[in-house]
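Trainee: 3D model of this:
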Amino acid sequence: MLNLNPDEIKKMVKDKYSEVATDPCAVFNFPVGKAFALKVGYPKEILDNLPVSLTESFTGANNPQPFVALKPGEIVLDLGCGGGLDLYFYAIAVGAQGKVFGLDISEAMVNRAMDNMKKTGTDNVEVRRGESDNLPFEDNFFDVAASNGIYNLSPDKEAVMKQVYRVLKPAGRTVFCEIILKAPLSDEERKSHSDWFRCIGGALVEKDFLALMEKVGFKDIEVISSCRNARTGHPYAICANIRAYK
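Mentor: The predicted model follows:
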């Protein structure tokens with residue numbers, strides 16, 4: 001993928017996650033489904049009572065639920081919402097007075113997420129198809145912008161961050177899980193780990209990722225916690241849980 005241009009990379013990402021949406025039980029070179037969701041801490045007592053279609057296509061980097069800290073009535077964006085597992089939890093957290101918007105590059109994932117919201121009777125969620133570097137939302141719209149492993153899949157991370165900053169209200173926050181690196185990869189390693197779906201080829205070193213957030217304008221940037229899981233196969237890779245404010 002090192003020789004592909006940004007549009008080609010985005011198409012490959014869209015095609016791959018469309019495969020997950022239409023055939024989640026297929027074999028992928030990254031973790032998919034309920035078993036992984038349980039391993040990263042989604043509550044078993046809730047997942048066991050959800051439709052299978054809501055958990056079987058889960059492909060996040062970690063579980064953002066413990067630290068998003070949503071308040072009733074907030075307006076939330078879930079960037080790269082996939083089949084809608086995080087959407088479901090966010091919708092419950094903000095309640096009937098709040099609103100959750102999901103965005104995904106894959107039409108198949110959008111359709112799956114909308115169907116899952118219907119199955120669970122979740123009526124304060126709207127799901128749209130779109131690209132993270134050109135968000136179809138007005139300025140200063142969201143209280144919170146959340147994501148679960150979207151930046152490492154994005155060829156232009158600065159463009160995505162600028163868009164997230166733009167759509168947040170003043171003093172709004174972004175809270176997300178992301179795969180980052182503890183140290184740079186050698187050129188040889190980067191070539192051998194160029195498959196972005198393993199979350200290595202497109203990942204940034206932690207200090208570079210945080211510096212990019214600061215460059216865009218985010219303040220009070222904090223790595224709340226970090227961990228390793230099935231998404232962090234390379235020894236340099238970690239999953240960071242990050243929060244920052246506009």
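Trainee: Before we move on, what's the pLDDT of the residue in the chain sticking out farthest from the centre?
Mentor: Distance from the C-alpha centroid of the chain peaks at residue 188, with 27.8 Å (Cα atoms, centre = their mean). Residue 188 is assigned a pLDDT of 70 by the prediction.
Trainee: mind checking the SS state of it?
Mentor: The local conformation at residue 188, judged by DSSP: H, G, I helix; E, B strand; the rest coil, is helix.
Trainee: got it, and residue 163?
Mentor: Under three-state DSSP, residue 163 falls in the helix class.
Trainee: In contact with the closest residue to it other than its chain neighbours: list those residues for me.
Mentor: Using Cβ to Cβ, 6 or more residues apart in numbering and skipping the chain neighbours, the partner closest in space to residue 163 is residue 135 (4.5 Å). Yep, even glycine has a C-beta here, placed from its N, CA and C like the rest. By Cβ atoms under 8 Å, 6 or more residues apart in numbering, the contact set of residue 135 is 77, 79, 103, 163, 164, 166, 167.
Trainee: what's the answer for residue 112, then?
Mentor: Here residue 112 is in contact with 21, 53, 57, 82, 83, 84 (Cβ under 8 Å, 6+ apart).
Trainee: mind running it again at 10 Å?
Mentor: Listed by Cβ atoms under 10 Å, 6 or more residues apart in numbering, the contact set of residue 112 reads 18, 20-22, 24, 53-54, 56-57, 81-84, 104, 106, 127.
Trainee: repeat for residue 166
Mentor: By Cβ under 10 Å, 6+ apart, the contact set of residue 166 is 135, 137, 138, 139, 140, 141, 142, 145, 216, 217, 246.
Trainee: From one end of stretch 151-159 to the other, what's the distance?
Mentor: By Cα to Cα, to the nearest Å, the extent of stretch 151-159 from end to end equals 10 Å.
Trainee: Please read the previous query as pertaining to stretch 219-237.
Mentor: Start and end residues of stretch 219-237 are separated by 25 Å (Cα to Cα).
Trainee: Residue 231 contacts residue 37, doesn't it?
Mentor: No: using Cβ atoms under 10 Å, residue 231 is not in contact with residue 37, being 11.8 Å away.
Trainee: what about the residue nearest the centre of the chain, distance to residue 182?
Mentor: The centroid of the chain falls nearest to residue 148 when counting by Cα atoms, centre = their mean (2.5 Å). As judged by Cβ to Cβ, to the nearest Å, residue 148 and residue 182 stand 20 Å apart.
Trainee: before we move on, the earlier item: ranking by neighbours, what's the top pick from the contacts of residue 135?
Mentor: Counting neighbours by other Cβ atoms under 10 Å, the top entry in the contacts of residue 135 is residue 164, with 28 neighbours.
Trainee: contacting residues around that residue?
Mentor: Going by Cβ under 10 Å, 6+ apart, residue 164 touches 77, 79, 132-133, 135, 142, 145-147, 150-151, 172, 174, 176, 213, 216, 218, 244, 246.
Trainee: Likewise for residue 22?
Mentor: Shown in contact with residue 22 (Cβ under 10 Å, 6+ apart): 57, 106, 108, 109, 111, 112.
Trainee: Mind doing that once more with 7 Å?
Mentor: Counting by Cβ atoms under 7 Å, 6 or more residues apart in numbering, residue 22 touches residue 108.
Trainee: mind showing which ranges of the chain have poor pLDDT?
Mentor: Residue ranges of the chain with pLDDT under 70: 1-2, 189-200.
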